[in-house]
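K.L.:
Sharing a model prediction with you, sequence too.
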Amino acid sequence: MRSTCQLILHQRRHNLFQRTSLKDSPSQLFKMSLATAAHAEFPVEASIIRKLVCQLQPSVLDVINESHMHNVPTNSETHFKVVVVAEQFSDVRSLVKRHRLINSILKDEIATEGPVHALSIVAKSPDQWEKMIDKSNGEENIVIGSSPNCRGGDGSLPPKRS
């Protein structure tokens, strides 16, 4: 028997490319590359997706590996941006509290000895996301700002290979 989380992930995979607007069905809309992240090559990304889906049941989730923009080896999983739209954020007005919630869900990944060096978070309620869609004339036109520049951490990351 599948767990609730497995059922959610299964349902989301089947509906991944079937919806294009939050107006169609918030529970069906889901932007993420489960197919890519599910591969053993990207276990950190897969873990981030699994945990956020299981805990927040988002209507939109985009997990973006930004490691290639930093001085790390090819195919690293050290720098991520997550765009999360979840009903739970309707009750959590404070951006700091939303970030703390996501940080607590991903505590193992962002721990001092964890694999993630930097995590940029965009956390919106469905109403906020809908306003962004309206303002940008469609979801495909929504522009999410760039992540802050990485300041290099403690210098313990290995040098990037060409």
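P.N.:
Received, thanks.

K.L.:
Next, the distance between the ends of stretch 120-139.
P.N.:
End-to-end distance for stretch 120-139, by Cα to Cα, to the nearest Å: 20 Å.

K.L.:
Quick one: mean pLDDT for that stretch?
P.N.:
Average pLDDT, stretch 120-139: 93.

K.L.:
and it, which residues are buried?
P.N.:
Residues of stretch 120-139 classed as buried under the neighbour-count rule (16 or more other Cβ atoms under 10 Å) are 120-126, 129-130, 132-133, 139. Where you see a C-beta, it was placed from the backbone N, CA and C, and this is true even at glycine.

K.L.:
Check which element follows the helix or strand bottoming out on mean pLDDT in the chain along the chain.
P.N.:
Least confident helix or strand, the chain: helix 34-37 with a mean of 43, by mean pLDDT, DSSP states H and E. Next along the chain after helix 34-37, taking DSSP states H and E as the criterion, comes helix 43-56.

K.L.:
Which parts of the chain are strands?
P.N.:
Counting by DSSP state E, the chain has strands at residues 60-65, 79-85, 118-124.

K.L.:
of all those, which lies closest to Leu101?
P.N.:
Relative to Leu101, the nearest member of the strands of the chain by Cβ to Cβ is strand 118-124, separated by 7.8 Å.

K.L.:
Which strands border the closest one, and is each parallel or antiparallel?
P.N.:
Sheet pairing for strand 118-124, assigned by DSSP bridges, gives strand 79-85 (parallel).

K.L.:
List the buried residues for the strand it pairs with?
P.N.:
Applying 16+ other Cβ under 10 Å to strand 79-85 flags 79-85 as buried.

K.L.:
okay if I get the strands of the chain as JSON lines plus distance to Ser94?
P.N.:
As requested, those are arranged in JSON lines below (distance: least, Cβ to Cβ, whole Å):
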{"stretch": "strand 60-65", "distance to Ser94": "20"}
{"stretch": "strand 79-85", "distance to Ser94": "15"}
{"stretch": "strand 118-124", "distance to Ser94": "10"}
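
K.L.:
Out of the ones you listed, the one nearest Glu45 is which?
P.N.:
strand 60-65 (5.7 Å).

K.L.:
I'd like to know which elements the closest one is packed against.
P.N.:
Judged by 3 or more Cβ pairs under 8 Å, 6 or more residues apart in numbering; DSSP states H and E, the packing partners of strand 60-65 are helix 43-56, strand 79-85.

K.L.:
and those as a markdown table, adding mean pLDDT?
P.N.:
Output for those, formatted as a markdown table (pLDDT from 0 to 100):
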| stretch | mean pLDDT |
| --- | --- |
| helix 43-56 | 94 |
| strand 79-85 | 94 |
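
K.L.:
Good, wrapping up.
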